[in-house]
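[1] When you get a sec, could you give me coordinates for this:
(chains A and B)
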Amino acid sequence: MPAFQTSPGMRDILPADSARWRRLNGVFAEVVEAAGYGQIITPLLEDIGVFTRIGDATDVVTKEMYAFEDLGGRQVALRPEMTAAVCRSFAQHRPTVPWKVWYTGSNFRYEKPQRGRFRQFDQVGVEVLGVDDANLDVEVIALASEFFQRLGLRRVKLIVNSLGEPEDRARYVEALAEHFEQCDLSEQSRATLTKNPLRVLDSKREQDAGAIATAPKISEFYSAEAAEHFATVCAGLDRLAIDFEVEPTLVRGLDYYRRTIFEFQGATLDSAQNALGGGGRYDGLVEALGGPATPGIGFALGVDRTLLACEDEGVFASDDRRLDAFVVDVVGGGAAVEVTAELRAAGLAGDRGYDNRSMKAQMKLANRSGAAFALIVGEDEDANNTVVVKPMARDAGEQQTIPRTDLISHLQHELRNLR
RNA sequence: GUGGUCAUAGCUCAACAGGUAGAGCACCAGGUUGUGAUCCUGGCGGUUGGGGGUUCAAGUCCCCUUGGCCACCCCA
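    Purely as a prediction, here's the structure:
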């Protein structure tokens, strides 16, 4: 019963998990940097208008924002997503296009937490501004796909769809509303219908299944350009041998999407929150934020959910931390301080015991640390300028007494033999 | 926001129909006066999430509250 604990939906990522966290970020950075993307770091806090001005009617911006007035009287919000912030940045700095950026960081949404859903959650993602080419859509989807592959995930399902041009989408929404009006929808879907008919397609309730199955299809409303754009995307994915399914009911959450949209689902995730990530085109978003008319596309992947999927697929088999050496300081003198510093200066990973604890206690620490060698500094060693080097592995041979001057080169030699 | 469910030691969990809280793991120490991982012995550790009520007596029953989990919703 601690006096304080993390606020609901927020948590500490402790060392055991943060290593995986770092690995995921590392893999992502490798994949996207190799494709010409540069990292962008934007503030956690933005003018609230960055998120509201785009006219999004979703819960994300209407009900779930951490919004408040700062001490200067500005209306601000913790970012609930990254895309709008990146577009704001584009409109502010007007970089030359194509502008290809990637990011990693936290977002905030005031939702009720459950498995795979937190109030502070991390995403990695990319955004590209200023390119209309459908082949870019292919590239962006391929990058996410490559990232999952590189992580070691095998059972990630890709679904894609196109919402058509804005006019196509508008006509479709109208037709959809008309259709659903005549159906016996669930109460919740009826409420959704008045806000955004598209999202009724997302309903998982059985009562709505029939109405959704008989609903008009977006593909019937595509203009020639939209149809061609989408066909190019599908052909490109085929060409790269990326498995995907066209899912006509995929609409994605945020309202600003146009044309290509896609989502990655964890096939193994036994959870309601199985969307690992998704994205799409949002031509028009930059303009809505006061910039020039600029096409855009991107995706965001949930770090927590991707890590859950990794867990389920057993991707991280062995990730225990390993030290090269652990210094056991029996005399509590300066020798151990020097030895530890020399280790680290030589680029070896080393820790040590403190508080003059018994040799036995410190050996236990050495064992627990996973160090390859224990370096014992006792009375004799301190007096003779030597260190006992003891291999910790079960069958790694006898310990040796080594002169301090030879310690580092001896260790480096021994470590090489271990690998 | 709605619904369900749960809350006991640092962790995982016990405690018959209300009788005054226990185990494993972890941690610490000793067995081994300079040596871990095994083994043995011992130790530390809890106002049973918080508050109120019923009762001679509440971890156990009732109410409120806080938090976790799961689902709806929403979405990553």
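
[2] tell me which parts of the stretch 51-200 of chain A are close to RNA strand B?
    The stretch 51-200 of chain A comes close to RNA strand B at residues A:58-60, A:64, A:81, A:109, A:111-119, A:121, A:123, A:188, A:192, A:199, as judged by CB under 7 Å from any atom of the strand. In short, each C-beta sits where N, CA and C put it, glycine included.

[3] For PyMOL, what selects the buried ones among those?
    Typed into PyMOL, the next command selects the buried ones out of these (criterion: 16 or more other CB atoms under 10 Å):
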select buried, chain A and resi 58+60+64+81+109+111+116+117+118+119+121+123+192+199
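
[4] Among the residues of the stretch 51-200 of chain A next to RNA strand B, which lie within helices?
    Mapping these onto helices (DSSP state H) picks out A:Asp59, A:Val60, A:Gln188, A:Thr192.

[5] list the contacts for the last one?
    The one in question is A:Thr192. A:Arg199, A:Val200, A:Ser203 (CB atoms under 8 Å, 6 or more residues apart in numbering).

[6] 7 Å instead?
    Residues near A:Thr192 by CB atoms under 7 Å, 6 or more residues apart in numbering: A:Arg199, A:Val200.

[7] count of residues packed around A:Ala223?
    Actually, residue A:223 is Ser. It isn't Ala. 13 (other CB atoms under 10 Å).

[8] What residues does it make contact with?
    A:Gly164, A:Glu165, A:Asp168.

[9] so who does the first one touch?
    If you count contacts by CB under 7 Å, 6+ apart, A:Gly164 has them with A:Tyr172, A:Ile218, A:Phe221, A:Tyr222, A:Ser223, A:Ala226, A:Arg259.

[10] In JSON lines, list the residues you listed along with pLDDT, distance to A:Gln207 and secondary structure.
    Shown next, in JSON lines, are the contacts of A:Gly164 (pLDDT from 0 to 100; distance: CB to CB, whole Å; DSSP: H, G, I helix; E, B strand; the rest coil):
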{"residue": "A:Tyr172", "pLDDT": "90", "distance to A:Gln207": "23", "secondary structure": "helix"}
{"residue": "A:Ile218", "pLDDT": "90", "distance to A:Gln207": "22", "secondary structure": "helix"}
{"residue": "A:Phe221", "pLDDT": "91", "distance to A:Gln207": "26", "secondary structure": "helix"}
{"residue": "A:Tyr222", "pLDDT": "94", "distance to A:Gln207": "29", "secondary structure": "coil"}
{"residue": "A:Ser223", "pLDDT": "94", "distance to A:Gln207": "34", "secondary structure": "coil"}
{"residue": "A:Ala226", "pLDDT": "94", "distance to A:Gln207": "32", "secondary structure": "helix"}
{"residue": "A:Arg259", "pLDDT": "92", "distance to A:Gln207": "31", "secondary structure": "strand"}
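
[11] now stretch A:347-361, how far from the chain's geometric center?
    36 Å (CA atoms, centre = their mean, to the nearest Å).

[12] Over to stretch A:98-112?
    That offset, for stretch A:98-112, works out to 9 Å (CA atoms, centre = their mean).

[13] So for stretch A:149-162, what gets flagged as buried?
    A:Leu151, A:Leu153, A:Val156, A:Leu158, A:Ile159, A:Val160, A:Asn161, A:Ser162.

[14] re earlier: how about the ones in helices among the residues of the stretch 51-200 of chain A next to RNA strand B, which pair is most distant?
    A:Val60 and A:Gln188 (17.4 Å; CB to CB).

[15] wait, isn't A:Val315 in contact with A:Gly152?
    Yes - the pair A:Val315 / A:Gly152 is scored as a contact, 4.1 Å apart, by CB atoms under 7 Å.

[16] what's the straight distance from one end of stretch A:101-121 to the other?
    20 Å (CA to CA, to the nearest Å).

[17] what sits up against it?
    Here stretch A:101-121 has contacts from A:8-11, A:25, A:28, A:32, A:37-40, A:44, A:60, A:64-66, A:78-82, A:86, A:122-127, A:271, A:273, A:302, A:304-305, A:308, using CB under 7 Å, 6+ apart.

[18] so what's the residue nearest in space to the middle of chain A up against?
    With distances taken as CA atoms, centre = their mean, the residue of chain A nearest its centroid is A:Val303 (3.0 Å). Each residue near A:Val303 by CB under 7 Å, 6+ apart is listed here: A:Trp21, A:Leu24, A:Asp122, A:Gln123, A:Val124.

[19] Going along the chain, name the helices of the stretch 201-350 of chain A.
    Using DSSP state H, counting those that start in this stretch, the helices of the stretch 201-350 of chain A run over A:206-213, A:224-239, A:285-288, A:303-313, A:334-345.

[20] Run the chain-centre distance for the helix or strand hosting A:Gln149.
    Assigned by DSSP states H and E, A:Gln149 belongs to helix A:134-151. Chain-centre distance of helix A:134-151: 15 Å, with CA atoms, centre = their mean.

[21] swap in stretch A:222-240?
    With CA atoms, centre = their mean, you get 28 Å for stretch A:222-240.

[22] And that stretch, what's buried?
    A:Tyr222, A:Ala226, A:Ala227, A:His229, A:Phe230, A:Thr232, A:Val233, A:Cys234, A:Gly236, A:Leu237.

[23] just so I know, which of the helices of the stretch 201-350 of chain A lies nearest RNA strand B?
    Nearest of the helices of the stretch 201-350 of chain A to RNA strand B, taken as CB to the nearest atom of the strand: helix A:303-313 at 4.5 Å.

[24] Now do the closest one and helix A:134-151, the angle between them.
    50 degrees (axes from the mean of the first three to the mean of the last three CA atoms, to 10 degrees).
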